[in-house]
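J.: When you get a sec, could you give me coordinates for this:
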Amino acid sequence: MRSTGSWSHALRVYTHPRVLGMLSLGFSAGLPLLLILGTLSFWLREAGIDRTTIGHLSWIGLAYSFKWLWSPLVDRLSLPLLTQWLGRRRAWLLLSQIIIAVALAGMAVTDPVVNLTHLVFFALAVAFASATQDIALDAYRIEAVAVELQGAMAATYQAGYRVAMILASAGVLWIAAAVDPSAITYDHAPWRFAYLVMAVSMIVGIITTLIIQEPDVPYSRLISENEKIAQQAIAHWHLPPCISSLLVWLYGALIAPFRDFIVRHGRQALLILSLIAVYRISDVVMGVMSNPFYVDMGYSKDEVATISKVYGVIMTIAGAAIGGILTVKLGIMRTLLLGAILSAMTNLLFVWLAGRGHDVSGLIFTISADNLSAGIASSAFIAYLSGLTNSAYSATQYALFSSVMLLLPKFIAGFSGQFVDAYGYENFFIATALLGLPVLVLVWLAGQAKFETSAR
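T.: Below you'll find the model as predicted:
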C-alpha cells in the first residue's frame with residue numbers, strides 16, 4: 001500500500017530511536033560474513049588456492065541457508081543463566097558473538113597453505129555462529145517495531161551491516177597490505193594480524209547486546225493455543241509425562257511455525273517461497289567470483305579496498321536508505337520490482353569492465369552502480385520478508401525465509417569457479433544477469449496475488 005504522506009514524512013522514520021539503534025546491531029551481523037566468503041576468497045587466491053576450490057569453499061555459506069533447522073531452538077529454548085539474565089533474544093546473541101570472535105581468532109592463526117582443512121573448520125564455526133546471531137537479531141528487529149517501520153529498520157540495519165563490511169573487507173585488505181613485507185610473494189603473517197583485529201572487533205556486538213533492552217513481547221496466545229491442541233492429541237497416546245511434554249514442545253517449536261505460514265497464505269505460500277528462493281540469485285552467484293575477478297584483472301589490495309570495499313559499500317548504504325524511503329512512499333512490491341530490474345542490469349556492467357582490463361575508473365563506476373541497486377533491493381526485500389512473519393514465531397519463520405533465500409543461489413554459486421574456468425568471466429556475468437529474469441515474473445505475480453488478497 002502506498003503512503004499518502006510527503007517525502008519529508010517518509011524521511012522522518014529514520015529518527016525513530018529503535019530504527020537508529022539498529023546501526024550497531026547491523027554492524028555486529030555484518031562483520032563475519034565477508035571474512036568467510038569474499039575476503040577469504042581474496043586471501044585464498046593470493047595464497048595460490050585454485051578457483052575451483054575457492055568456488056566449492058563458498059558452500060561454507062550454506063550454513064545460512066540451513067539455519068531454519070535450528071531456528072526453533074533459538075526461538076523457544078532457554079540458555080542456562082544467560083536467558084534469565086539477558087532475555088531469550090539477547091542470550092542467543094551474546095553466545096553466538098563470543099563463538100564468532102573465538103573462531104575468527106582460530107582462522108587468523110591458521111595458514112591455508114599449510115592446513116586448509118583447519119581453516120575451513122574455523123570458517124564453518126564462524127558461519128554457524130553468525131547464522132545463529134542472524135536468527136536472534138532478525139527476531140529482535142521484527143519484534144521491536146511495527147510493520148510500517150520495517151523498511152527503515154532494514155535500511156539502518158544495512159547501514160551498520162555495510163560499515164562492518166568495510167571493516168571486514170577494505171579494513172582487512174588495508175591492514176594486511178600495511179604490514180605485508182612484500183606485495184609480490186604470499187605471506188601468512190599479514191592475514192593473521194588482520195583477522196585477529198577482526199576477532200577483537202566483535203566486542204562492538206558484545207557490548208551492544210549487553211546494553212540494549214529485550215523486546216517487550218508477551219507469550220503469544222497463538223503459541224498457547226497450539227500447545228493445547230498438541231497436548232489434547234498426544235494425551236490419547238498415554239505416554240509418560242516427560243515424553244508427552246517433549247512432544248508438545250517439539251510441535252510448538254518445529255511444526256506450528258511452518259503450519260501457521262501455510263495456513264495464513266494458503267495457495268500463495270508456494271509462490272511466496274519461490275520468489276524468496278530466487279530474488280537475490282543474480283547478486284549472490286556473481287558475488288563469489290567478484291574478488292577472484294579483481295585479482296585476475298590485476299587490481300591490488302589497496303585498489304580493491306578503496307574502490308570495491310569503500311565506494312561500493314557507501315553506495316550500498318545510500319541504496320538502502322533510498323530503498324527504505326521508497327518502501328514507505330511507493331510500497332514494498334513496487335520497490336521489490338525496481339530492485340530486481342536494477343540487480344540484473346548492473347551485472348552486465350561487469351561484462352563491460354572485463355573487456356577493459358585494469359581500469360580504475362571503470363571499476364568505480366561499475367561497483368557504485370551495482371551496490372546502489374543491491375541496497376535498494378535489499379531494503380525492500382527485508383521489509384517484504386518481515387511483513388510475512390507472525391510475531392508468535394518471528395525467529396523461526398524469518399529464518400525459514402532467509403534460508404530459502406540463500407539455499408539455491410549459494411548452491412549454484414559453488415560451481416561459479418568451474419564456469420569461469422570453462423567459459424570466462426564475460427559469459428559468467430551475462431549468465432548471472434539472465435538468472436534475474438524469472439525474478440521479475442515472480443515479483444509481478446506476487447504483487448498481483450497480494451493486491452487480490454487485499455481487495456477481498
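J.: How about residues contacting stretch 442-449?
T.: 268, 271-272, 274-275, 278-279, 333-334, 336-337, 340 (Cβ atoms under 8 Å, 6 or more residues apart in numbering). Just so you know, the C-beta spots here come from the backbone N, C-alpha and C atoms, and that holds for glycine as well.
J.: Let's see the pLDDT reported for the nearest residue to Leu407 once chain neighbours are set aside.
T.: Leaving aside its chain neighbours, Leu407 sits nearest to Ser65 (3.9 Å; criterion: Cβ to Cβ, 6 or more residues apart in numbering). As predicted, Ser65 sits at a pLDDT of 75.
J.: Give me the below-cutoff pLDDT ranges for the stretch 351-456 of the chain.
T.: 391-392, 450-456 (pLDDT under 70).
J.: Would you map the strands across it?
T.: For the stretch 351-456 of the chain, applying DSSP state E, counting those that start in this stretch gives no strands.
J.: Quick check: mean pLDDT of stretch 242-251?
T.: pLDDT averaged over stretch 242-251 gives 76.
J.: Can I get stretch 34-45 as CSV, trimmed to CA atoms?
T.: The C-alpha coordinates for stretch 34-45 follow below in CSV (Å, rounded to 0.1, in the frame of the first residue of the first chain):
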residue,chain,number,x,y,z
LEU,A,34,32.8,-11.5,4.2
LEU,A,35,35.5,-12.9,6.5
ILE,A,36,34.3,-16.4,5.5
LEU,A,37,33.3,-15.5,1.9
GLY,A,38,34.6,-12.6,-0.2
THR,A,39,37.6,-11.5,1.9
LEU,A,40,38.5,-15.1,2.5
SER,A,41,38.4,-15.8,-1.3
PHE,A,42,40.9,-13.0,-1.8
TRP,A,43,43.2,-14.4,0.8
LEU,A,44,42.9,-17.9,-0.6
ARG,A,45,43.5,-16.7,-4.2
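J.: Return the set of buried residues in it.
T.: Of all the residues in stretch 34-45, those buried under the rule 16 or more other Cβ atoms under 10 Å are 34-45.
J.: export these to CSV and tack on pLDDT?
T.: Formatted as CSV, these follow (pLDDT from 0 to 100):
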residue, pLDDT
Leu34, 86
Leu35, 92
Ile36, 90
Leu37, 83
Gly38, 78
Thr39, 87
Leu40, 90
Ser41, 87
Phe42, 86
Trp43, 89
Leu44, 90
Arg45, 87
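J.: mind listing which of those residues are in helices?
T.: In helices, judged by DSSP state H, the following of the buried residues of stretch 34-45 are found: 34-36, 38-45.
J.: Tell me the spacing between Phe415 and Leu79.
T.: The gap separating Phe415 from Leu79 is 38 Å, by Cβ to Cβ, to the nearest Å.
J.: about what we covered before: Ser379: which of the contacts of stretch 442-449 is nearest?
T.: Nearest to Ser379 out of the contacts of stretch 442-449 is Leu336 (Cβ to Cβ; 9.8 Å).
J.: Isn't the closest one up against Ser378?
T.: No. Using Cβ atoms under 8 Å, Leu336 is not in contact with Ser378; the gap is 10.6 Å.
J.: Looking at those two, which is more packed in?
T.: With neighbours defined as other Cβ atoms under 10 Å, Leu336 and Ser378 compare such that Leu336 has more, 28 against 25.
J.: Skipping its backbone neighbours, what lies nearest the more buried one in space?
T.: Ala380 (4.6 Å).
J.: Just give the number of residues close to that neighbour.
T.: Residues within reach of Ala380, counting by other Cβ under 10 Å, total 31.
J.: returning to that earlier point: which of the contacts of stretch 442-449 are buried? Put it as a ChimeraX command.
T.: Of the contacts of stretch 442-449, the buried ones go into a single ChimeraX selection, burial set by 16+ other Cβ under 10 Å:
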select :271,272,274,275,278,279,333,334,336,337,340
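J.: and the contacts of stretch 442-449 as a markdown table, adding distance to Ala177 and secondary structure?
T.: As requested, the contacts of stretch 442-449 are exported to a markdown table (distance: Cβ to Cβ, whole Å; DSSP: H, G, I helix; E, B strand; the rest coil):
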| residue | distance to Ala177 | secondary structure |
| --- | --- | --- |
| Gln268 | 50 | helix |
| Leu271 | 47 | helix |
| Ile272 | 45 | helix |
| Ser274 | 43 | helix |
| Leu275 | 41 | helix |
| Val278 | 37 | helix |
| Tyr279 | 35 | coil |
| Met333 | 44 | helix |
| Arg334 | 43 | helix |
| Leu336 | 39 | helix |
| Leu337 | 41 | helix |
| Ala340 | 36 | helix |
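J.: related to what we said a few turns ago, can you put the buried residues of stretch 34-45 in JSON lines and add distance to Gly357?
T.: Listed next are those as JSON lines, based on distance: Cβ to Cβ, whole Å:
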{"residue": "Leu34", "distance to Gly357": "25"}
{"residue": "Leu35", "distance to Gly357": "29"}
{"residue": "Ile36", "distance to Gly357": "30"}
{"residue": "Leu37", "distance to Gly357": "26"}
{"residue": "Gly38", "distance to Gly357": "22"}
{"residue": "Thr39", "distance to Gly357": "24"}
{"residue": "Leu40", "distance to Gly357": "25"}
{"residue": "Ser41", "distance to Gly357": "21"}
{"residue": "Phe42", "distance to Gly357": "19"}
{"residue": "Trp43", "distance to Gly357": "24"}
{"residue": "Leu44", "distance to Gly357": "23"}
{"residue": "Arg45", "distance to Gly357": "18"}
